[in-house]
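**Student:** Quick one: sequence and predicted model below, then my questions.
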Amino acid sequence: MQKMLVEGGRLLNGKVRISGAKNSAVALLPAAILADSEVTIEGLPEISDVYTLGELLEEIGGSVSWSSSQKVHIDPSRMIAMPLPNGKVTKLRASYYFMGAMLGKFKKAVIGLPGGCYLGPRPIDQHIKGFEALGAEVTNEQGAIYLRAKELRGARIYLDVVSVGATINIMLAAVKAKGKTVIENAAKEPEIIDVATLLTSMGAKIKGVGTDVIRIEGVDSLDGCNHTIIPDRIEAGTYTIAAAAQGKEVVIDNVISQHLESVLAKLREMGVSVEESDEQLLVRPGKHLKSVDIKTLVYPGFPTDLQQPFTSLLTKAENTGVVTDTIYSARLKHIDELRRMNASIKVEGGSAIVSGPVQLEGAKVRASDLRAGASLIIAGLMAEGVTEITGLDHIDRGYENLTEKLNNLGAKVWREEMTELEIRQFQNS
Ligand SMILES: CC(=O)N[C@H]1[C@@H](OP(=O)(O)OP(=O)(O)OC[C@H]2O[C@@H](n3ccc(=O)[nH]c3=O)[C@H](O)[C@@H]2O)O[C@H](CO)[C@@H](O)[C@@H]1O
Ligand SMILES: C=C(OP(=O)(O)O)C(=O)O
């Protein structure tokens, strides 16, 4: 088991290239199950979630071959409806996409309840509501979801909450259902459009993605295709926030800036200069950062996945900023760790009230989830002294070559093996 060490105080300068989007990748890979012939996906991020999903595709009989570290060929022709009640499915959130994809292809599936970041309860009732509306019988038996259908029939499905996962999962099941499916109050995240683009290249008939009403006309079969993934807006946002916190002049390369408008607007309000050009952002922090309030919302609002990194930045800003996460009200586990680093943050009525500016100090901290990890790394870059971060398996689920990318920008970040005592302390805490 490893820990990460961050020596604070160095200014970030130079260019960082953004990888393919995690939250697209983790849906595109299961979507390949639906095809009858080879699907090639290019630009995949080198992260553990992607490798785990590749292994799961092999477990159900898929042939998965890599022609480079970012390009995979999936031949689904020998896949079977193998039950996956436990094991690797519990290591990540997106294993829930095996439900929609296997239901669409085989009309049956057994999938253990997903893992992923613990951000408070993360129910999947809307996914199940959608599958049932399409004609599936769904039961929960000993922590695994059993789905069976004689046939899937298109239906009108209104989502009670706007959910990325439910929108994609229902799309996956509906593309091969008989007749028309309408998903109302659908989520609009760019990753949903990316998945619909792949499915359309496979022969699916989908209209309205990117709006809150998606219309799908079921087809009998889907073919293989080639697809290139979109850049990761959350990784891009993380480096943009890091540059605002501790940068001189940082170019964020391979980014679709429209995907980050809500975040860039808040950074500009704080006094950060962000210039947008083709596929790049040039970020220069202002001399004095002013605090702002942020409230996370569904896309195109401020993304919950950047709330934690942004909280770290606010410790450097003058005055008080209020952070409210309306998607995951309990996504506040980074706050105690930031306090260990001398941050002045109060939690009141579910909001974090960040007072600044303070000089953060290096400390031993734990990443309780993926973006808490990003938040602590950004705090470490700003801090005086060395910050030691444990819980790296979370960070590795979502950030490709993070130490290398930061060091290329002039940071000093490295990983070390933990001692047996440190591992015991980590496991018992
Ligand atoms: C793999 C992936 O893409 N993960 C992203 C996805 O997670 P995920 O797909 O799990 O998140 P959702 O969009 O589904 O969740 C949004 C909100 O709806 C609630 N909800 C969701 C489904 C459901 O059936 N019932 C229900 O009540 C959730 O508890 C949450 O409060 O979107 C989140 C919100 O942008 C991001 O933080 C995650 O990074
Ligand atoms: C919460 C996240 O991921 P997951 O849904 O995969 O746990 C995230 O990417 O911030």
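**Tutor:** Arrived safely, thanks for sending. Ligands and ions are numbered 1, 2, ... in the order given.
**Student:** Please name the nearest non-neighbouring residue to the residue of the stretch 151-300 of the chain at minimum distance from ligand 1.
**Tutor:** Residue of the stretch 151-300 of the chain nearest ligand 1, by CB to the nearest ligand atom: residue 165 (2.7 Å). From N, CA and C alone the C-beta is placed, and that goes for glycine too. For residue 165, ignoring the flanking residues on the chain, the nearest one in space by CB to CB, 6 or more residues apart in numbering is residue 96 at 5.9 Å.
**Student:** List the contacts of that neighbour.
**Tutor:** 111, 114, 124, 127, 165, 169 (CB atoms under 8 Å, 6 or more residues apart in numbering).
**Student:** Check the secondary structure at it for me.
**Tutor:** helix (DSSP: H, G, I helix; E, B strand; the rest coil).
**Student:** tally of neighbours for the residue of the stretch 151-300 of the chain closest to ligand 1?
**Tutor:** 24 (other CB atoms under 10 Å).
**Student:** Also residue 192?
**Tutor:** That count, for residue 192 with other CB under 10 Å as the rule, works out to 23.
**Student:** And it, which helix or strand is it part of?
**Tutor:** Assessed by DSSP states H and E, residue 192 sits inside helix 190-201.
**Student:** which other residues reach that helix?
**Tutor:** Counting by CB under 8 Å, 6+ apart, 21, 23-24, 27-28, 31, 34, 39, 41, 164, 167-168, 171-172, 175, 186, 204, 206, 209-210, 214, 222, 225-227, 229-230, 233, 256, 259, 299 sit against helix 190-201.
**Student:** How about the contacts made by residue 98?
**Tutor:** 30, 33, 56, 60, 84, 89, 109, 111.
**Student:** got a winner among those residues for most neighbours?
**Tutor:** residue 109 (29 neighbours).
**Student:** returning to what we had before: may I see the buried residues of the helix holding residue 192?
**Tutor:** 190, 191, 192, 194, 195, 196, 197, 198, 199, 200, 201 (16 or more other CB atoms under 10 Å).
**Student:** ditto for stretch 127-138
**Tutor:** Buried residues in stretch 127-138 (16+ other CB under 10 Å): 127, 128, 129, 130, 131, 133, 134, 135, 136, 138.
**Student:** Return the closest of the residues you listed with respect to residue 341.
**Tutor:** residue 127 (37.7 Å; CB to CB).
**Student:** does ligand 1 sit close to the strand or helix carrying the closest one?
**Tutor:** In this structure, residue 127 sits in helix 125-133 according to DSSP H and E. Yes: part of helix 125-133 sits near ligand 1 under the criterion CB under 6 Å from any ligand atom, namely 125, 126, 127.
**Student:** what sits against the last one?
**Tutor:** Contact analysis of residue 127 by CB under 8 Å, 6+ apart lists 96, 99, 100, 163, 165, 166, 169, 170.
**Student:** let's see it at 6 Å
**Tutor:** Listed by CB atoms under 6 Å, 6 or more residues apart in numbering, the contact set of residue 127 reads 166, 169.
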